[in-house]
Every structure is written in structure tokens, then in C-alpha cells.
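K.L.:
Sequence first, predicted coordinates after that:
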Amino acid sequence: MKNAVDVQNLSKNYGDTEALKEISFSVGKGELFGFIGPDGAGKTTLFRILATLLLADSGAATVEGYEVVKDYKKIRQIIGYMPGRFSLYQDLTVEENLRFFATIFGTTIEENYELIKEIYSQIEPFKTRKAGQLSGGMKQKLALSCALIHKPEVLFLDEPTTGVDAVSRQEFWEMLKRLKTMGITIVVSTPYMDEAALCDRVALIQDGSIMQISTPYEVVEAYPMGLFSVTSTDIYQLLHDLQKLPQAHSVFAFGQAAHLSYKKENVTASEVIRFLKETGHEDVHVEEIKPTIEDCFMELMQGSEQANERTSGRADK
Amino acid sequence: MNQQPIIIVKDLVKKFGSFVANDHLTFKVKRGEIFGFLGANGAGKTTAIRILCGLSFPTSGELSVAGYNVYTQREKIKQNIGYMSQKFSLYDDLTIFENIRFYAAIYGLSKKEIDRRTDILMKKLGLEEAKKKLIRDIPLGWKQKLAFSVAIIHDPKIVFLDEPTGGVDPITRRQFWDMIYEAARNGITVFVTTHYMDEAEYCDRVSIMVDGRIAALDTPVALREKYHAKNMNEVFLQLARAQKTEVL
Amino acid sequence: MKRFRGFVVKEFLHIFRDYRTLLILFGMPVIQLILFGFVITNEIKDARFAVLDLSKDETTRQITEKLTSSGYFRLDRNLNTYNEIEEAFREGEIQLVVVYEPDFARRLERDHVANVQLIGDASDPNTANILVNYASGILTNYLLSMNAEVIPMKIVPETRMMYNQELKGVFMFVPGLMAMLLMLISALMTSLSITREKELGTMELLLASPLRPMQIVVGKVFPYVFLAFINACIIILLGWAVFGVPVRGSVGLLLFESFLFISMALSLGILISCVTNSQQLAMMISLVALMLPTILLSGFIFPVENMPMVLQWLCHIMPPMYFITAIKSIMLKGNGLFFIWKETLILIGFTLFFILMSVKKFKIRLS
């Protein structure tokens, strides 16, 4: 079966900054594929290249078998693209925006209404309101409707949930799940680690490189360390003290708890408890836990940072 | 330690025409506390923060910030608070050093004091080498940490952080929160908004705004227990959803 | 085609929704025309002048009468010696002094040359210039009416006034104003509307859609061709109705030249927006690089002939000068295409050049 997106050794520089470093991946047809990574990781650059809006410096990419440079006209017919910034016409009403995007893709709202019905019906009561006056969640629904109105085969959504509250974010992911059942391939990017679990497969991206590509389950399974969740009465002190534990590999705050990673079989929960009691902590709880995507991401980040340090010797810091 | 709350808000109402952005908000923030101010988009958070910072007047209500009255002592308030937001904090076309000096200067620090604090800050952030770099050339993570340090360079009583960690990588986010903890330990009250629900759990107390009202206010642990939720995300979803069905 | 129509509809929605800008666009020609018109005509109503008549014959008496009866000049006093001239000016009420040489009528008859000196108060050079021009126009008029043959007279030659026999200042301003407003609407508005899409990020969506770049550009331009054309008509109509500015030549030709100029300005606007990414920059370029030359270096306010050579050259690479020359020729002289083919060709050249440049510069991708 042909892939929906194929990318081979894609690189892009802006002056001295390497935005993408030899990235390769492929997205299967009908897949919900997520790029997880912070701002500046190269997500937007990648999405723009795939949406035929930017030229890569080297490497090749195809969307539905079409080449992003040569066949850009074809690709523009069959993709839906939602840029990171809210980019609809603020002075036009909800309906006018939708109608405009329908006509420039040579279709009508009525023709593809079925596809967007579930999403659009939520904002339809406000269809005479100007897009600029919508709330964050509604803007996002309108933008998605506009990206979908021509029944694209592949949807590229660049950080659709950034700056949107938790409720709207959850609703948005539910909509993506439903779109997936209609056979649309969805490539989405997000800085929120917890959203990784909602994708079929994810690519963890940082500093222009993909650190790992697999299913969310496999990401968690591949975590090479053991992990404890540790709590005590003083979280701030706890974080500092745990770092002094000789067997500690890394210590990160997770809400009211500290996540302590260690080389497997290196240390036991009771040893950690004893160590903390000795340093004066009270009400200590240590629990063996499964890592979250965020734990994995940070582990991978540290690994690649160390690799960088080894190769480049680190100029500053 | 002084037990008088640093922020006292009683029946704060702010209307824009017939639209009620803040509907009788009442809460107190303790000195040295990390206070999480959460809410959906358009719930009225920004409106409330603007009022607390002395940038706009409330329609009615009694408010005191850092011991000053928001109606009559706005200049005093501004002198005693720091502010940082994700959208704007530092000038892109100035160097790290110039930005620090600029902010120190607008808060009226003496030249000697500016030099001293700038030095300390540069050392602390490990930026001595990079101080001539333009802000636009440094990574987002550094930028946010620097912005926070600059926001508290004049030792304010309260610092307001409006989504300070948006888009920042998870390790830097934690370093950032480390800095927040440190500031709180030094007696600075931290008033913070965020869309990362796990970050809400770093706060001492959290208020959740829904449609202009405070729907819940307590410690994260107490809130989780009250709503039988695994994490703050679930608490938030329950509260926001409940409101939504009520409206529809 | 349907896509294109959809695009144009959207552009019109933007325009009509932004009623403030729309009000300015259509209010401006009216206000500017009336303002300029009245300022100019008022300036020279009842200007006081003095006469130093060293000849005191029938001809000089008649000329003075012509001046006073024109409605623009009022005879304030008669002077007797040269020395009184400076004094008269210094008192500040006299704006022009007319000096006839001795034996004026006789010399005119015998030598066909007689000298009149027109002295303006150059502390206000603009008014002085206008008054001197008007007065010399009246003189020429008088001579023409006296004798069918052209009798050379040594006065300040001012060809600009020749075809403006009723001597209405507003005539000069209608073509200039038209050039300015058309330039403003066309170049400024299109460059703003394209850079606005870049700023908002919507250009990204348009580029990622199957719309062709040509459709985007033409779709952007189309509404403004329409608006600018309406504006041109308003100015011509208003000039005619309020100030009686004639259109002596063919109206069709006049509209054609306007259309040409609008196209030129629009393609310039597109070019500007192709090379800039922010509205602010587009505005600066449009104002500084387009508006100022249109006002200052086109013969609109300052006559090109009186400028230093360097500025004259500059004027010749500015399209507005050709447009103003062309429509003046049509409106005031009643000339046909035969007399303005050079200007027309140059305008066509500019238009093609700018279109070519924009097509070359328009990117099918970001950055």
C-alpha cells in the first residue's frame, strides 16, 4: 500500500540555524500521526514544506505520491492545511469564511456538508457572527471546518490546540478521531505531551531531529529506566535532595510528585525511602510507576543532549 | 511572617456593556504563595489580571493588591508588582544585557544597584558569555527564563505570570518552575495562569474560573479529592463541562 | 472562473465591511477638490494692485480696465514714480504692480513691441506667481482681442495660462488631484490589502489552496480598478459641476487614460506588496515613494519647467507627470490622442514593466 506521506532525509536551514536535520518518516493512509515537541523543534517548518509552502534545502517528500516541489499544484488540491496561527478572515462572518474556502477549492458548503456537519453544527448558531469575535475554541472549530470543506485526503494541522483550554482541546481530539473513521489521513503537531497518547503513532521531535517514531504504547515500553513517583511534605526540597541520591539518573517534578528515574535493578523503593528519611523528609511515599510520554521525551532529550555535547563539545554554557 | 493576605479581592465585578466578564469574584492570596489562576479561554482571567495589575478599573468591588487600593493607588501597585507574559516580555532587537538594564531602569533602580543585580542575574543564568546576544537569537527556553528573572529584578511583592511556559520543552519548563519555587521561597508571591493542567499541580492553591465566576478554589490535592479526579485535568474538565451543559 | 468570482466577492466584502476606509476613499476626492478649489479661487479674488502708468494713453487705460473687470484684481492706487513701488508693497496691501513703459500705445502700433512690467510680491511666491500669471493671461487676451495677428509683447511668457482663458486656478488642480487620488487608492490600497493577508497568515492558506497566483493577484486588484474608476468619475463630475472645469476633448479618451494610469498604479501596488511583508512597510513605501513624487514632482503643485535640472529628470521618470500632462491636454485643450500618444505609450510602458516585475517577484511559496 502506498503511504500518504513519505519523507526522506529532509533538511532545512535558516542562515545558521538548522530547522530540520535529515528527517525521514512516513505516514500510512488513514493514520492519525502526531509530531510532539516544543516550539522551535521544527514542526512548523516541516508542515510548511509538506503543504508546498516552503522549499527544503535537501531531501525528498511526497504527499499521496505527489512530489512536494514538482507536483505542488496537485498537492494543493488534495490537502487541508491549518496553520499554527488562527488565520481566517476576522472581518468576515463564520459562514462567509466557510463559503469562501469552499469556492476557492471549487466546491460548495452544501456538497460536503456531511463531512463537516458534526463540527460545523456546533458553531452554526453563530454563523452570522464575525470570525474575529469568536472564542478560542470556536475559532478552532471554524478553522477545522474550513480546512475540511473540500474533502481533503490528507489534513495537516499545525499546533491546532496551542493556547486552547483543556475542554476545547479534548473536544478537538474527539473530532479528529471521528474524522479518522472517515478515512482521512491526519498529521498533527502539538507541544502538549499528553496529547501524544491520542495518536496512532507519534514522532518525538526536538531541535530539528526526530528522536523516536512509534506508537505511544511502544514509546512508553521503550523507556530504558525504572521509574519511581516520590512524594513528601516539601516538594521543592524533595527535588533537590533526590538529585543527591547516587543512583538517581534524573529527577523531574510532576505535579505534587517527583519522578525519579534509575538504572533498572539499581535501587529499590525502600532504599529511596530510607535515603529521604535520613535527609529529614516526612510523610515519604515511593511508588513504582509506568512512565508517561513526557518522561520518555525528557529521557530522549537528555540522551540527545549528551550526544550533542560529545560531538560538538558545546561552545557556550 | 506577615499573615495579612497580599491580594484581597472582594466582590469584584467587571462589565463591558451588558457582558459580565467578572461576576463577583472573591478570593485572597497569601504572601509567598504560588497561586494558580486557571480557566477556559474567555472565562475572564485576562480581565481580572489586568485589574489586579492596575491596568484597568473594576466596575465594582473592594480590591487591595500588595496593600494598595486598586482605585486610588495604581502607581504604587505598578511599582510593587512584576509582570511577564508569553506573548510579550523582552525586546527582540535589544541584547540580553540591554533588556535587563532597561527593565531595571524603568523601575527606578540606581545605577549601582542595576550593575549589581545585572551581574548576579547573568551569573545565575549562566549568560555572562552571551550577554551581547540579541534576544531574537537565543532559544525560547532561555528567553522565558530570562524574562522571568527580569520581571522580578526590582524585587516586587507579587509577580504575575500569564502563560509563561507555552510551547517550552518539558525540561526547560521544569527549570522554569524551579525558578518560580525559588522566588516564592524568597517571599515573592506568584500569580500564574497556564493551560498545562499538570502545572496547576505545582501551585500551592488553584482557582478555576468558569464563565466569569470562580467555580473552585483550593489546594490541588483537595480539589482532586473533592471531584474524585486522578489529576487536575479531570477536575478542570468536570467543572467546565458542568457549566457548559447548564448553558446549553 | 467560479473560484475567481468567489475571491472577488470576498474582496468586496472586506472593502464594504471596512466602512471607515470606504468613507475616506469616497469622501476624500470630494473634500480635497472643494478645499483646493476654494483655496485657490479665493486667493486671487480681489487682489489689490497698483498701476504705474508712464504712458497714460488709451491702450494702457483699457488694459487696466480689463484687469479690474476680470474680478480677480482691484485697483488700489495709481503711482507716479518708481520709488513709490517699494513703498506700496511695504504697506502690505498691494500684491501686484503693473508698470507701463512710456509711449506704450505708440510703440505697440509702430514696433509691435511694448513693455509691461508685472511685479509680484515674492514674499508669498505662490500667490505672486499665480497673480503674475493671471495678469499676463489677461494681457495676452487683450492683445488677441485687439488684433487678429499675434503681436509680440515683452512680458513674462507663461504658456500654462494660455489655454485656461477663464483663469480658474481649480483647473490646474483637477488633473493633479486625480493623479494623486488614483495613485493613493490603487497603489496604497492594493499593497495594503495583500500585505494584510501576509500579516494575518491567511496568505499561507491561499497559497496552500489550488488558487493560482495570477487569480490571487487579479482578484485583489479587480475591486480597486472598480473603486478607482468610480473615483475618477466623481472628480471629473465634481470639477465640472462645482467649478465648471470643462472636458473639451473626448470623454472616452479621458477615461481610457485614467484606466491606464489606474492599471499602472495597481501594478505598482502589487509590486510593492510582493517585496514587503508588513502593512507598515507597504504604507511607508507607498506614501514616501509614490505620494510625495505624485504631489511634488509631477507638475501638480510646482511647475516642472521651473525646477532645477536634476529634479526635472526625476519628474520624467515619474509616471504621474505623463498622466497629468495627458489629461490636462484632453480636458483643457481638447486635444485628441494624436497630441498625447507619447504620454500614453510611456504609461503603457510603465504598466507593462511593473506587471512583469511583479509576476517575477510574486512567490508561489512563503519566503
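P.N.:
Structure received.

K.L.:
Spell out which residues of chain C are next to chain A.
P.N.:
C:2-3, C:5-7, C:9-10, C:13-14, C:17-18, C:200-202, C:204-211, C:364-367 (C-beta under 8 Å from any C-beta of the partner chain). (Glycine included, C-beta is placed from N, CA and C.)

K.L.:
just the buried members of the residues you listed?
P.N.:
The neighbour count (16 or more other C-beta atoms under 10 Å in any protein chain shown) marks C:3, C:6-7, C:10, C:13-14, C:200, C:202, C:204-211, C:365-366 as buried among these.

K.L.:
Hmm, residue A:225 is touching residue A:265, no?
P.N.:
No. Assessed by C-beta atoms under 8 Å, residue A:225 is found out of contact with residue A:265, at 10.9 Å.

K.L.:
When the two are compared, which one has more neighbours?
P.N.:
Just comparing residue A:225 and residue A:265: by other C-beta atoms under 10 Å in any protein chain shown the higher neighbour count belongs to residue A:225, 16 against 7.

K.L.:
Which residues are in contact with that one?
P.N.:
A:249, A:250, A:261, A:262, A:263, A:264, A:291, A:299 (C-beta atoms under 8 Å, 6 or more residues apart in numbering or on different chains).

K.L.:
now swap in residue B:190 and tell me
P.N.:
With C-beta under 8 Å, 6+ apart, residue B:190 has these contacts: B:33, B:34, B:35, B:158, B:159, B:161, B:180, B:183, B:184.

K.L.:
Let's see if you can find the most crowded of those.
P.N.:
Ranking those using other C-beta under 10 Å puts residue B:161 first, with 27 neighbours.

K.L.:
Report pLDDT for it.
P.N.:
On the pLDDT scale, residue B:161 is placed at 93.

K.L.:
Could you give the secondary structure assignment for it?
P.N.:
Here residue B:161 is recorded as strand under DSSP: H, G, I helix; E, B strand; the rest coil.

K.L.:
which strand residues sit across from it in the sheet?
P.N.:
residue B:84, residue B:192 (DSSP bridges).

K.L.:
Those residues of the stretch 51-200 of chain A touching chain B, which are they?
P.N.:
So far as C-beta under 8 Å from any C-beta goes, the stretch 51-200 of chain A lies against chain B at A:135-137, A:162-168, A:170, A:191-194.

K.L.:
let's see 7 Å
P.N.:
A:135-137, A:162-168, A:170, A:191, A:193 (C-beta under 7 Å from any C-beta of the partner chain).

K.L.:
in the one helix or strand in chain C whose mean pLDDT sits lowest, what's buried?
P.N.:
When each helix and strand of chain C is scored by mean pLDDT, DSSP states H and E, helix C:125-146 comes last, with a mean of 74. By neighbour count on 16+ other C-beta under 10 Å, the buried set for helix C:125-146 is C:127-143.

K.L.:
Same question for stretch B:105-113.
P.N.:
Those buried within stretch B:105-113 under the rule 16+ other C-beta under 10 Å are B:107, B:109.

K.L.:
Kindly report the same for stretch A:69-84.
P.N.:
A:71-72, A:74-84.

K.L.:
Next, residue B:24: phi, psi?
P.N.:
Per-residue torsions, residue B:24: phi 50, psi 60 (degrees, to the nearest 10).

K.L.:
what about it, neighbour count?
P.N.:
Residues lying near residue B:24 (other C-beta under 10 Å) number 15.

K.L.:
does it really touch residue B:11, like I thought?
P.N.:
Yes. If you go by C-beta atoms under 7 Å, residue B:24 and residue B:11 touch, sitting 5.1 Å apart.

K.L.:
between the contacts of residue A:225, which is closest to residue A:32?
P.N.:
Among the contacts of residue A:225, residue A:291 lies closest to residue A:32 (C-beta to C-beta), at 22.0 Å.
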